[in-house]
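1. model this:
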Amino acid sequence: MQEIMKETAKQRYEKLQADRQHYLDRARECSELTIPTLIPDDGFESSSELYTPFQSVGARGVNNLASKLLLLLLPPNSPFFRLSLSGKTKEELEQNPELQSEIEKSLAKIEREIHKKIENLALRVSVFEALKHLIVSGNVLTYLPKKGNMRVYGITQFVCRRDEDGNLLEVIIKESISPVALDEETLQIIGKYPDYKEDEDCEIYTHIYRLPDGKYYVCQEVMGHKIPSSVGTYPKDNMPYQALRMVRVDGEDYGRGYVEEFLGDLRSLEGLSQSLVESSAAASKVVFMVRPNAVTRKKDLANTRNGDIITGQRDDVTCLQTEKQYDLGIVERSIGRLEERMSYAFLLHTAIQRDAERVTAQEIRYMAEQLETSMGGIYSLLSQEFQLPLVQVLMKRMSQSNEIPKLPKDSVAPTIITGIEALGRGNDLQKLREFVMEIGQLAQISPEVVQVLNPNDLITRVATSLGIDTEGLIKSEEQLAQEQEAAQQQMQQQQMMDMAQDVVQPVANNMTKPQ
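-> Next up, the predicted model:
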């Protein structure tokens, strides 16, 4: 801690750059084969030229996977979280069901308000950019200011340190800012420095590090001068800065990219695609050769038009051919296999459709569901490092601005209901469907077999074998007995009413009969 406080943010940034270099080199290689503009080389400007890949599978796969993750993390028209009671509050309200239902109704209203806030912030554009950085480089830093849109910083703009559990210890962001955006006090101080120029952008460093009490200290520095208005502290559950990772590796400060896991296939696909394109261009060149001392003259061939008649022999003229059709066929088949593997990796639905005349919609739907479930490991980390902190920050800010009522501390906890949890609910639904189908088949058993079986025990065993919790799903023997007794009482009351009606009706008829 003392070392951090002694050095400036710029000195700390330059010191931590060495640890980031390996991850940055890998990220640039992955970006070059997918979307080169994401992580360009040092010194890149708007007029600089970028490498153009010979294949588009990488770019299409990154955009497709980012779109799928975006819909899972921020689903439209429905909240991705649920507020639930926790701790002693939950235990106390379990004894009062009526009050609990009212509180849950109020929590649902708060959920809708927070979801409306997320929609108004228009986070999807920034989150989509952040997801592309995560897929390619495995690292991205997001900042949610109190006003304005979410900021996204790539791996080229920040350095960080983590502890053994993966929690952030220190983050330093480097960006350029126009002097016009600085306050007067800061301008007066840095204006005295010889390096300061009014018409050039200044390098501003945002330094964040964890204090011994668990809070995070935040400040900004320009030319070694600390901006007073930027100094502040944030509790851990209210940090607007989130350093996200795609693939977590224990003991490493940075994450690994999803593209890096398939970098070998991408390299092979790029090399083969380049060879096929260049070979096809060479093969498409048409060159005519005329035999020396031939009757047919080169000048006649060059000047002739379609339908003209010239003097010559057919054997005098031949066409130059590369005769590499077989070799190019091998390259093309290899490219097809690589593209198929990459389509599976990036969850492109073209990979699941078999090459046939008739492919049913149910087959495609089933394969698509299997493909989606394979994403479980991808966004399990994002749900904890992105979705949960986002909800906590928004709840804290909305509570301070009285947009939602202030909740007692540790009484309400947000729970993520998309991603892994959504896949779990989908599996539960599939199990319930199988259970209902099994019960339907049991109902068709012949009466002789039913007399031998114990239906209640059989139904319970079927549910247990499918891993279904029978609490509240299957009626207990006491509940069945009570319902049977209530039905018998209702039947007896109906019979008594019918008997009374039969007795009263003749008497009423006699009383209304004229004398």
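
2. how about residue 28, what does it touch?
-> Contact partners of residue 28, counting by Cβ atoms under 8 Å, 6 or more residues apart in numbering, are 39, 40, 41. From N, CA and C alone the C-beta is placed, and that goes for glycine too.

3. how about stretch 317-325 as PDB, C-alpha atoms only?
-> The C-alpha trace of stretch 317-325 is given here as PDB (Å, rounded to 0.1, in the frame of the first residue of the first chain):
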ATOM      1  CA  VAL A 317      -2.700 -22.300 -80.200                       C
ATOM      2  CA  THR A 318      -2.900 -23.700 -76.700                       C
ATOM      3  CA  CYS A 319      -4.100 -22.100 -73.400                       C
ATOM      4  CA  LEU A 320      -1.800 -22.100 -70.400                       C
ATOM      5  CA  GLN A 321      -3.300 -24.000 -67.400                       C
ATOM      6  CA  THR A 322      -2.000 -24.400 -63.900                       C
ATOM      7  CA  GLU A 323      -3.500 -28.000 -63.600                       C
ATOM      8  CA  LYS A 324      -3.800 -27.700 -59.800                       C
ATOM      9  CA  GLN A 325      -7.500 -28.600 -59.600                       C
END
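
4. now residue 436: which helix or strand?
-> Using DSSP states H and E, residue 436 sits in helix 420-442.

5. with adjacent residues omitted, what lies nearest to residue 195?
-> Excluding the flanking residues, the one nearest residue 195 by Cβ to Cβ, 6 or more residues apart in numbering is residue 223, at 6.7 Å.

6. let me fix that: residue 483
-> Nearest-residue entry for residue 483: residue 475, 7.6 Å, with adjacent residues in sequence omitted and distances by Cβ to Cβ, 6+ apart.

7. show me where the stretch 201-350 of the chain has helices.
-> 263-283, 298-303, 325-345 (DSSP state H, counting those that start in this stretch).

8. gap between the residue nearest to residue 195 and residue 191?
-> Computed with Cβ to Cβ, to the nearest Å, the distance linking residue 223 and residue 191 is 10 Å.

9. assess the claim that the residue nearest to residue 195 and residue 193 are in contact.
-> Yes. Because the distance of 5.4 Å satisfies Cβ atoms under 8 Å, residue 223 is recorded as touching residue 193.

10. please identify the helix or strand for the residue lying closest to residue 110 once chain neighbours are set aside.
-> Counting by Cβ to Cβ, 6+ apart, residue 110 lies nearest to residue 404, which is 5.1 Å off, once chain neighbours are set aside. Per DSSP H and E: residue 404 is located in neither a helix nor a strand.

11. could we number from 774 for the rest of this?
-> Got it, the first residue is 774 from now on, which makes the last one we talked about residue 1177.

12. can you report how many residues neighbour residue 1177?
-> As a burial measure, residue 1177 scores 19 neighbours (other Cβ atoms under 10 Å).

13. ditto for residue 1086
-> A total of 10 residues lie near residue 1086 under the criterion other Cβ under 10 Å.

14. ok, now the one 5 residues further on?
-> Neighbour count of residue 1091, defined by other Cβ under 10 Å: 12.

15. tell me the bridge partners for it.
-> Applying DSSP bridges to residue 1091 gives these bridge partners: residue 1062.

16. next one: it from residue 817, what distance?
-> On the measure of Cβ to Cβ, residue 1091 and residue 817 end up 50 Å apart.

17. one more: residue 798?
-> The spacing between residue 798 and residue 817, counted by Cβ to Cβ, is 15 Å.

18. next: residue 929.
-> Taking Cβ to Cβ, one finds residue 929 at 9 Å from residue 817.

19. looking at those two, which one has more neighbours?
-> Each of residue 929 and residue 817 has its neighbours counted (other Cβ under 10 Å); residue 929 has more, 19 against 14.

20. does that one sit in a helix, a strand or a coil?
-> Reduced to three states with DSSP: H, G, I helix; E, B strand; the rest coil, the structure at residue 929 is helix.

21. who are the contact partners of it?
-> 797, 812, 813.

22. now the strands for the chain?
-> For the chain, the strands defined by DSSP state E occupy 854-858, 912-916, 924-926, 931-935, 941-950, 975-983, 989-995, 998-999, 1005-1007, 1014-1018, 1061-1063, 1090-1092, 1185-1189.

23. redo the ones you listed as a markdown table? Include mean pLDDT and distance to residue 1215.
-> Converted to a markdown table, the strands of the chain look like this (pLDDT from 0 to 100; distance: least, Cβ to Cβ, whole Å):
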| stretch | mean pLDDT | distance to residue 1215 |
| --- | --- | --- |
| strand 854-858 | 82 | 35 |
| strand 912-916 | 95 | 53 |
| strand 924-926 | 94 | 56 |
| strand 931-935 | 95 | 55 |
| strand 941-950 | 92 | 55 |
| strand 975-983 | 92 | 59 |
| strand 989-995 | 92 | 59 |
| strand 998-999 | 86 | 74 |
| strand 1005-1007 | 93 | 58 |
| strand 1014-1018 | 93 | 49 |
| strand 1061-1063 | 89 | 81 |
| strand 1090-1092 | 88 | 76 |
| strand 1185-1189 | 82 | 36 |
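
24. which one of these lies closest to residue 887?
-> Closest to residue 887 of these is strand 854-858 (Cβ to Cβ; 7.8 Å).

25. that older thread, deepest-packed of the strands of the chain, please.
-> Highest mean neighbour count among these (mean count of other Cβ atoms under 10 Å): strand 912-916, with a mean of 23.

26. just the local confidence number for the residue most central in space within the chain, please.
-> The C-alpha lying nearest the average C-alpha coordinate of the chain belongs to residue 842 (Cα atoms, centre = their mean; 2.2 Å). pLDDT, the model's per-residue confidence, is 85 for residue 842.

27. now do the contacts for it.
-> 904, 908, 1148, 1151, 1152, 1155.

28. kindly recompute the last result at 10 Å.
-> With contacts defined as Cβ atoms under 10 Å, 6 or more residues apart in numbering, the neighbours of residue 842 are 900-901, 903-905, 907-908, 1019, 1031, 1120, 1148, 1151-1152, 1155, 1192.
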